[in-house]
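# Provided below for reference: sequence and predicted model.
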Amino acid sequence: MLYLTSAGLILLCTFSVAIADTSCNFTTSSNSSLGTLSCISVNESNTYSTAANNALLNNSSDVNRTTSFVLEITDSNFSSLQSWIVSPLSTILDRVISVNLTNSSIETIDNNILSQFVSLQTVDLSWNQIKSINASIFQGCGNLTTLSLANNPIIAYENNSFGNLTNLKTLNLTVFVGNISAESLNSTSLEKLNFVSSNITWFNDNNFIFVPNLTELRFDNSTVNNNTNSTLNGLTKLVYLDKRLFRFTNDIPYGIFKDLKSVTDMDLSLIYIRGIYNGTFEGLTNVQSLNISLNFLLNINDVNIFTPLQNITSLDMAGSFILYPLPVNLFNPLKNLKQLNISNNPTDDLVTPGVLNGLDNLELLDMSDNLWFGINATALSNLKKLRWLYLDNNFLSLTVFPQFDYKTLADELVSLEYIGISDNRWQCDELYDMLTYFKSKNISYTPKFVSTADPNVDGIDCTENN
């Protein structure tokens, strides 16, 4: 058999033995450095032992040359993982580096079974029926780096369940219902933790205090119903935080981010939070990109909300259902901000003079898809480095008060290269004059979707004067 992998072309030699319903295959890579023993439909130990022994014996020359082995027993039906699993593996036991036992109806694991695989680095026990985990299961597995317990109905993790795994880097697990204590998660080597298909009722204070080297915290297909402002204490090395931690809480506890000094990108979009307040972003001093779009922020009235975000360069607040004008000096602390998106919010006076104070380095401002009837040019006059301004799909007009003062805008924004003004309420003759003025300032305006409707001016819809 030929397989093309990222490492190149690999020749796999396959030998298959079927005993009753159990089938075992032995494959090796082209240089025999890695061998895989795969068994399916294992229902009882005798058939497995016979099939596995025969597969190894009948391919003994490759077995003897192989450096490391992978053991796969999948889609089987045995309730308990016991010593029978190692019985046919005596010749390769100390060279097995990976064990895959997915979807095999396992309910219990005898203590110290896995420790017999002295070189074991990866164990996958996902999609079984395991209900509890204790430290004795992994006693002697000090070389293990990756462990998956995902999609098991686990309701109990004993304290120090993973404490013996001194080299564990990646852990996928399921909390079937309830919570998991800080003591259960004790693993000072752990870097990546993923809660899979979990229904977590709450996280306590300091819930991750014993995983201080964690860099990724994920919640795949999981719900978390409650957190405290101290839940994430101690995670100073965390780089990625899954927004689904807050998906069902409707709130971000004050100060919960205070230890997250290593996070540079924070995505909190589409999690239905109902407000942000002074202290919400405390601790995110190194965040460069913040996305809080598609929420229900409603009324932002505290000018200190963004104060901790000293290094932010991109802020997305699009579609956040902001109903009231933003407060003066709201963005003043954001001296490094280069991109601001406040599009798709249902108000016609979101930005008034003074709101954009301090944004001396802003290069892109998106205010499209709002309800603007007019824009006070002085509200944008301090944006001397602004290069791209998007005002598409509003209700801007040159005839209805408040008028769109495009001349003052173009004169004040000395770095402006592009302005988006399509899908507004332009009359054709006035639109022509405005576009002519933009051309004289070397400001481009060609819309992303050029209109072919009649009438239009340079691809921008307009109406003829009565």
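Good, I have the coordinates.
# strands of the stretch 51-200 of the chain, start to end?
68-74, 80-81, 96-100, 108-109, 122-124, 132-133, 146-149, 156-157, 170-173, 192-195, 199-200 (DSSP state E, counting those that start in this stretch).
# for these, give me JSON lines that also has mean pLDDT and distance to Glu216.
All C-beta atoms are positioned from the backbone trio N, CA, C, and that covers glycine. Listed next are the strands of the stretch 51-200 of the chain as JSON lines, based on pLDDT from 0 to 100; distance: least, CB to CB, whole Å:
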{"stretch": "strand 68-74", "mean pLDDT": "93", "distance to Glu216": "25"}
{"stretch": "strand 80-81", "mean pLDDT": "88", "distance to Glu216": "28"}
{"stretch": "strand 96-100", "mean pLDDT": "95", "distance to Glu216": "21"}
{"stretch": "strand 108-109", "mean pLDDT": "94", "distance to Glu216": "26"}
{"stretch": "strand 122-124", "mean pLDDT": "97", "distance to Glu216": "17"}
{"stretch": "strand 132-133", "mean pLDDT": "95", "distance to Glu216": "21"}
{"stretch": "strand 146-149", "mean pLDDT": "98", "distance to Glu216": "13"}
{"stretch": "strand 156-157", "mean pLDDT": "94", "distance to Glu216": "19"}
{"stretch": "strand 170-173", "mean pLDDT": "98", "distance to Glu216": "9"}
{"stretch": "strand 192-195", "mean pLDDT": "98", "distance to Glu216": "4"}
{"stretch": "strand 199-200", "mean pLDDT": "95", "distance to Glu216": "17"}
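# in a markdown table, list those strands along with mean neighbour count and distance to Asn361.
A markdown table is the format used below for the strands of the stretch 51-200 of the chain (neighbours: other CB atoms under 10 Å; distance: least, CB to CB, whole Å):
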| stretch | mean neighbour count | distance to Asn361 |
| --- | --- | --- |
| strand 68-74 | 20 | 53 |
| strand 80-81 | 17 | 59 |
| strand 96-100 | 20 | 50 |
| strand 108-109 | 18 | 57 |
| strand 122-124 | 19 | 47 |
| strand 132-133 | 18 | 51 |
| strand 146-149 | 22 | 43 |
| strand 156-157 | 18 | 48 |
| strand 170-173 | 22 | 39 |
| strand 192-195 | 20 | 35 |
| strand 199-200 | 18 | 41 |
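# Asp458 is nearest to which of the ones you listed?
strand 192-195 (51.1 Å; CB to CB).
# for the closest one, packing partners?
strand 170-173, strand 216-218 (3 or more CB pairs under 8 Å, 6 or more residues apart in numbering; DSSP states H and E).
# show me the shaky parts of the stretch 1-150 of the chain.
1-21 (pLDDT under 70).
# name the nearest residue to Gly35, sequence neighbours excluded.
Thr66 (3.9 Å; CB to CB, 6 or more residues apart in numbering).
# what residues sit buried inside stretch 100-116?
Asn100, Leu101, Thr102, Asn103, Ser104, Ile106, Ile109, Ile113, Leu114, Ser115, Gln116 (16 or more other CB atoms under 10 Å).
# cool, and stretch 221-229?
Ser222, Thr223, Val224, Asn227, Thr228, Asn229.
# same question for stretch 148-167.
Buried-residue list, stretch 148-167, by 16+ other CB under 10 Å: Ser148, Leu149, Ala150, Asn151, Asn152, Ile154, Tyr157, Ser161, Phe162, Gly163, Asn164, Leu165.
# now these in CSV, with distance to Leu315?
CSV is the format used below for the buried residues of stretch 148-167 (distance: CB to CB, whole Å):
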residue, distance to Leu315
Ser148, 36
Leu149, 38
Ala150, 35
Asn151, 37
Asn152, 40
Ile154, 39
Tyr157, 39
Ser161, 40
Phe162, 38
Gly163, 41
Asn164, 44
Leu165, 40
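# closest to Phe195 out of the residues you listed?
Nearest member of the buried residues of stretch 148-167 to Phe195, counting by CB to CB, is Ala150, at 8.8 Å.
# from what I see, that closest one and Ser197 are in contact.
Yes: in this structure, Ala150 is within contact of Ser197 by CB atoms under 8 Å, at 6.8 Å.
# give me the common contacts of these two.
Thr174 (CB atoms under 8 Å, 6 or more residues apart in numbering).
# buried stuff in stretch 261-268?
Buried-residue list, stretch 261-268, by 16+ other CB under 10 Å: Val263, Met266, Asp267, Leu268.
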